[in-house]
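Student: sequence plus the predicted model coming up.
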2 protein chains.
Amino acid sequence: MAESYNICLDIGGTKVLGAIFNSKREIVYRMKKKTKAGGDSSQNVEEVIINVAKDLLEGSGIKKNQIHAIAAGAPGVINQDSGIVLFSPNLPWKNYNIRKPIEDEFGVPFYIGNDVNVGVLGEYKFGAAKGYNNVVGLFVGTGMGGGLILNGELYTGNKFKAAEYGHMILDPEGPLCNCGQRGCLEAFSSKQGMSAYIRQQVARGRKSAMAEAVSEGVFKSKALKSALNSNDPVATEAVNRACHYLAIASGNLVNTFSPEIIVYGGGVIEAVGDVFLQKILSEVDRYCMPSIRETVVFKKAALGDDSILYGALSMIKK
Amino acid sequence: MAESYNICLDIGGTKVLGAIFNSKREIVYRMKKKTKAGGDSSQNVEEVIINVAKDLLEGSGIKKNQIHAIAAGAPGVINQDSGIVLFSPNLPWKNYNIRKPIEDEFGVPFYIGNDVNVGVLGEYKFGAAKGYNNVVGLFVGTGMGGGLILNGELYTGNKFKAAEYGHMILDPEGPLCNCGQRGCLEAFSSKQGMSAYIRQQVARGRKSAMAEAVSEGVFKSKALKSALNSNDPVATEAVNRACHYLAIASGNLVNTFSPEIIVYGGGVIEAVGDVFLQKILSEVDRYCMPSIRETVVFKKAALGDDSILYGALSMIKK
């Protein structure tokens, strides 16, 4: 019998990561393609997805009839049951059925879920959170994403909108967040939050190796890594502040869920996760109820940039 | 066939509420007994429970052999599967098997769970949260208790320690909480938090109808009701502040769980819940992600002081 493969996708606002997995759950071929998200129409994003899948087949030499299923994580509120993207902050989708065109094109089932939900699922099935029953995921990227595994199952709440604790308010007088509120975790601890802090300090005349990296938006994780390596004071302050509020948020989540593990992932953690983990761990005890703290561990994601690809794989039914 | 009955108990730090339910889930007899908790030994609390159960039988004329089961809610971390109280803040129990002596005495199954967990279960099965699938409970009493129904089941997390969001930190520079941390929801919005605020204002020379009620600890809910009715300014401030932080915490919980409902219960809500709900509702929108806010309702507990009794009833297996 011929080998069977699955195509998995991580659909971002600016790029699509794609991989082909064999039946041993190994990645046999992968690629990355930039998207011009913001201005594009739903159809265009859909075309990018279809093109990435086709390019994966062409590049790998694997035939369309060897594909068992396609699965993806994408930003936004996504009905995993119906494949309808209810809303996506960075993609031009609103109440859009993305499943149908993909299934029509390839003739195999297409699964889709919220990217961070799917990433945490990946870490639960194959990564740092494997073997734990209650998992809280915090993904530090441009924004701050969340994902929950409760009693061994992905928890999505009413209408697939749960785990938005990136917008947990930790200081009602804190900095303005993109969401319109003040003092959310995201406003302190995401790339956006840290970039805003660095930009403000630079505007006050302080020097920072990251001045250019934040001048027109959010820094790239590599720039943060390099600034921390050179002990840039402003970057270090931004990270200390980010980790302080991540520690408070982590304590709140520990007290709320009594999870076995909090797993930290996303681009920032992939780049400078050891620094973040060390700083978070140095503070987090004081924000957890001691009796609950005893039975939780804090870990970095193990699958790095592939969490979402592996999570997508784990959504596929046999 | 003779009618079958269940005995349900709400075991508090200072009192035990007891009720006998008939097979139609109606309370046919009830009583309340004070306990001297703090100093008592585990055996003494156990005796109080046994005595209340016996008094219920005697007072109602129902025979021991007509009892199908006994169930209770009690403060603390309780292993619902084994009936072992791991830790209780207000009762002298530590790793104490309370199930065995009760079952030995009455020869029927004994069920026990955390009081607020059980209270939220009661509201879910028989009260304000009936018919909802994901329920966040906030019980405002001496402390601030939590209980979660997720995907239609009581969620207790790892080792039965979940739902301690009374200790969610909302302001790292806020007032000291009993737990040792600053700015927890409990430190602002529980009877303890409100009492501390009123006591401080009185110490600063302000007049309040509640001065005496808080002079040696926490007020009784009735005293708060009466002070609010007379527009006592200090009491009103304490309530406004409590509701402000309850609104923030509610927003954080909405964003975290995307529940269908947040249900507010406990002694304070039973006494002045309409005032609290109105104030919370006037603020809460600004602390919720709008798309999640759309699909959640906020309600007062419907079973009042009987939430825990009804929740205990619902733990009993047929």
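Tutor: Nice, thanks for sending it over.
Student: residue A:149 against residue A:120, yeah?
Tutor: Yes - Residue A:149 is within contact range of residue A:120, at 6.3 Å (criterion: C-beta atoms under 8 Å). Heads up, the C-betas are built off the backbone N, CA and C, glycines and all.
Student: of those two, who's got more company?
Tutor: Neighbours per residue (other C-beta atoms under 10 Å in any protein chain shown) separate residue A:149 from residue A:120, with residue A:120 holding more: 32 against 25.
Student: identify the residues contacting that one.
Tutor: By C-beta atoms under 8 Å, 6 or more residues apart in numbering or on different chains, the contact set of residue A:120 is A:129, A:135, A:137, A:139, A:146-149, A:154, A:263, A:265, A:307, A:311.
Student: could you rerun that using 10 Å?
Tutor: A:114, A:127, A:129, A:135-139, A:145-149, A:154-155, A:163, A:263, A:265, A:301, A:307-308, A:311 (C-beta atoms under 10 Å, 6 or more residues apart in numbering or on different chains).
Student: filter these down to the buried ones, PyMOL style.
Tutor: A single PyMOL command selects the buried members of the contacts of residue A:120 (16 or more other C-beta atoms under 10 Å in any protein chain shown):
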select buried, chain A and resi 114+127+129+135+136+137+138+139+145+146+147+148+149+154+155+163+263+265+301+307+308+311
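Student: take the contacts of residue A:120 and keep only those in helices.
Tutor: Using DSSP state H, A:307-308, A:311 are the members of the contacts of residue A:120 that sit in helices.
Student: what distance do you get for residue A:30 to residue B:161?
Tutor: In this structure, residue A:30 lies at 41 Å from residue B:161, with C-beta to C-beta, to the nearest Å as the measure.
Student: please, which helix or strand holds the spatially closest residue to residue A:35 that is not a sequence neighbour?
Tutor: Residue nearest to residue A:35 in three dimensions, not counting chain neighbours: residue A:48, with 5.0 Å by C-beta to C-beta, 6 or more residues apart in numbering or on different chains. Assigning secondary structure by DSSP states H and E places residue A:48 in helix A:42-60.
Student: check which helices and strands that helix sits against.
Tutor: Applying 3 or more C-beta pairs under 10 Å, 6 or more residues apart in numbering or on different chains; DSSP states H and E, one finds that helix A:42-60 contacts strand A:5-11, strand A:15-21, strand A:27-34, strand A:67-74, strand A:94-97, helix A:99-106, strand A:110-114.
Student: in JSON lines: these, plus distance to chain B and mean pLDDT.
Tutor: Converted to JSON lines, the helices and strands packed on helix A:42-60 look like this (distance: least, C-beta to the nearest C-beta, whole Å; pLDDT from 0 to 100):
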{"stretch": "strand A:5-11", "distance to chain B": "20", "mean pLDDT": "97"}
{"stretch": "strand A:15-21", "distance to chain B": "25", "mean pLDDT": "95"}
{"stretch": "strand A:27-34", "distance to chain B": "28", "mean pLDDT": "94"}
{"stretch": "strand A:67-74", "distance to chain B": "16", "mean pLDDT": "97"}
{"stretch": "strand A:94-97", "distance to chain B": "11", "mean pLDDT": "92"}
{"stretch": "helix A:99-106", "distance to chain B": "21", "mean pLDDT": "96"}
{"stretch": "strand A:110-114", "distance to chain B": "11", "mean pLDDT": "97"}
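Student: tell me which residues of the longest helix seen in chain A are tucked away?
Tutor: When chain A is parsed with DSSP H, its longest helix is helix A:233-257. Using 16+ other C-beta under 10 Å as the test for burial, helix A:233-257 gives A:234-235, A:237-239, A:241-257.
Student: hmm, it in reach of chain B?
Tutor: Yes - using C-beta under 10 Å from any C-beta of the partner chain, helix A:233-257 comes into contact with chain B via A:244-245, A:247-249, A:251-257.
Student: between which two of these is the distance greatest?
Tutor: By the measure C-beta to C-beta, A:244 and A:257 form the most distant pair in the residues of helix A:233-257 next to chain B, at 20.9 Å.
Student: so where's chain A uncertain?
Tutor: Scanning chain A for pLDDT under 70 picks out the ranges A:1, A:36-43.
Student: give the contact list for the residue nearest to the spatial centre of it.
Tutor: In chain A, the centroid-proximal residue (C-alpha atoms, centre = their mean) is residue A:116; its distance is 4.0 Å. Listed by C-beta under 10 Å, 6+ apart, the contact set of residue A:116 reads A:73, A:75, A:137-139, A:141, A:143-148, A:163-164, A:166, A:265-266, A:307-308, A:311.
Student: okay, and it sits in which element?
Tutor: Take DSSP H and E as the rule and residue A:116 turns out to sit in helix A:115-126.
Student: just how off-centre is that helix within its chain?
Tutor: 9 Å (C-alpha atoms, centre = their mean, to the nearest Å).
Student: again with stretch A:14-23
Tutor: Distance, stretch centre to chain centre, for stretch A:14-23: 15 Å (C-alpha atoms, centre = their mean).
Student: so chain A: which segments form each domain?
Tutor: Following the assignment in automatic domain parsing, chain A carries domains at A:5-119+A:307-315, A:132-302.
Student: for residue B:315, which of those domains is the nearest?
Tutor: In terms of C-beta to C-beta, the element of the domains of chain A nearest to residue B:315 is domain A:132-302, at 17.6 Å.
Student: residues touching the residue in the stretch 201-318 of chain A positioned nearest to chain B, list them.
Tutor: Distances between the stretch 201-318 of chain A and chain B by C-beta to the nearest C-beta are smallest at residue A:258, namely 3.1 Å. Residues in contact with residue A:258 (C-beta under 10 Å, 6+ apart) are A:134, A:136, A:288-289, A:291-293, A:295-296, B:77, B:155-164.
Student: skipping its backbone neighbours, what lies nearest it in space?
Tutor: residue B:157 (3.1 Å).
Student: neighbours of residue A:8, how many?
Tutor: For residue A:8, the count of nearby residues is 31 (other C-beta under 10 Å).
Student: which ones are touching it?
Tutor: Residues near residue A:8 by C-beta under 10 Å, 6+ apart: A:17-21, A:27, A:30, A:53, A:56, A:69-73, A:111, A:118, A:122, A:306, A:308-316.
Student: and what of residue A:33?
Tutor: Going by C-beta under 10 Å, 6+ apart, residue A:33 touches A:9, A:15-18, A:48-49, A:51-52, A:55-56.
Student: buried only: go through those for me.
Tutor: A:9, A:16-18, A:48-49, A:52, A:56.
Student: could you double-check that residue A:305 lies in contact with residue A:266?
Tutor: Yes - here residue A:305 lies in contact with residue A:266, judged by C-beta atoms under 10 Å, at a distance of 9.3 Å.
Student: give me the common contacts of these two.
Tutor: Residues touching both residue A:305 and residue A:266 (C-beta under 10 Å, 6+ apart): residue A:119.
Student: between these two, which is the more surrounded one?
Tutor: Using other C-beta under 10 Å, the more surrounded residue of residue A:305 and residue A:266 is residue A:266, with 27 against 15.
Student: can you tell me how far the nearest residue to the more buried one once chain neighbours are set aside is from chain B?
Tutor: On the basis of C-beta to C-beta, 6+ apart, the spatially nearest residue to residue A:266 that is not a chain neighbour turns out to be residue A:139, at 3.6 Å. For residue A:139, the distance to chain B equals 15 Å [C-beta to the nearest C-beta, to the nearest Å].
Student: start and end of stretch A:71-87, how far apart?
Tutor: Length of stretch A:71-87, first residue to last, C-alpha to C-alpha, to the nearest Å: 18 Å.
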